[in-house]
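J.: compute the structure for the input listed below.
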Amino acid sequence: MNLLADAVVRTFVARPRSSALLVGIGGSALAFFYAIALPAERYGAFALGALAYLTPGEAIAAIAIGYGTTLAIAINLRSNAGRGSDALTFGGALAALLPSSLCCTTLIPSALAALGASAPVVLHVTGRFQGFFAAYSNAFVAFAVLAVLAALWLAARSSQNACAISIPKGSTP
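T.: Now for the predicted structure:
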């Protein structure tokens, strides 16, 4: 736990304003998105009305995923500044958003239509995929929370390693 606390302190000391904006505004927006997306299946649409169906567990998961993802991005951006690895950070964020987008949105039908599938094919295939993701949605949400926790831990390790100074082999200190 000290590893993560140290990484958070280093992140907010190095760039206090940008880190606070990223985690505060970005985390709030992402948590709000998940607060609507997680119960959207029971509500029947991705709309503000889905908040009435939000369970306490889903609220905790939305907060953990929203703020955890943006905190991991902030730590990674600070520790990888100038090393050209920002693409991996944003790839990880995209991977965290993808699981919840599969069950109750139009992502699968849109992808099939973009690939040139006919309407009957889209309607036939979409139900199977979305039904699978909906049946195991709790497992996917739990996996997403665990993935965000793993991303935080990896970001904290990366932050710690970014501060380490290595002496080239064969040289004397």
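
J.: tally of neighbours for residue 142?
T.: Look at residue 142: counted by other C-beta atoms under 10 Å, it has 13 neighbours. (C-beta placed from N, C-alpha, C; glycine too.)

J.: excluding sequence neighbours, find me the nearest residue to it.
T.: Spatial nearest neighbour of residue 142, excluding adjacent residues (C-beta to C-beta, 6 or more residues apart in numbering): residue 61 at 7.8 Å.

J.: what about that neighbour, distance to residue 54?
T.: Look at residue 61 and residue 54: by C-beta to C-beta, to the nearest Å, they are 10 Å apart.

J.: who touches both of those two?
T.: Common contacts of residue 61 and residue 54 (C-beta atoms under 8 Å, 6 or more residues apart in numbering): residue 38.

J.: the two: who's more crowded?
T.: residue 61 (22 against 18).

J.: so the more buried one is in which element?
T.: Here residue 61, judged by DSSP states H and E, is contained in helix 56-79.

J.: biggest helix in the protein, by residue count?
T.: helix 137-162 (DSSP state H).

J.: any idea of the mean pLDDT in that one?
T.: Regarding helix 137-162, the rounded mean pLDDT is 81.

J.: what helices and strands are in contact with it?
T.: Under the contact definition 3 or more C-beta pairs under 8 Å, 6 or more residues apart in numbering; DSSP states H and E, helix 137-162 sits against helix 2-14, helix 56-79, helix 86-103.

J.: quick one on the thing from earlier: list the contacts for the residue nearest to residue 142?
T.: Counting by C-beta under 8 Å, 6+ apart, residue 61 touches 34, 38, 141-142, 144-145.
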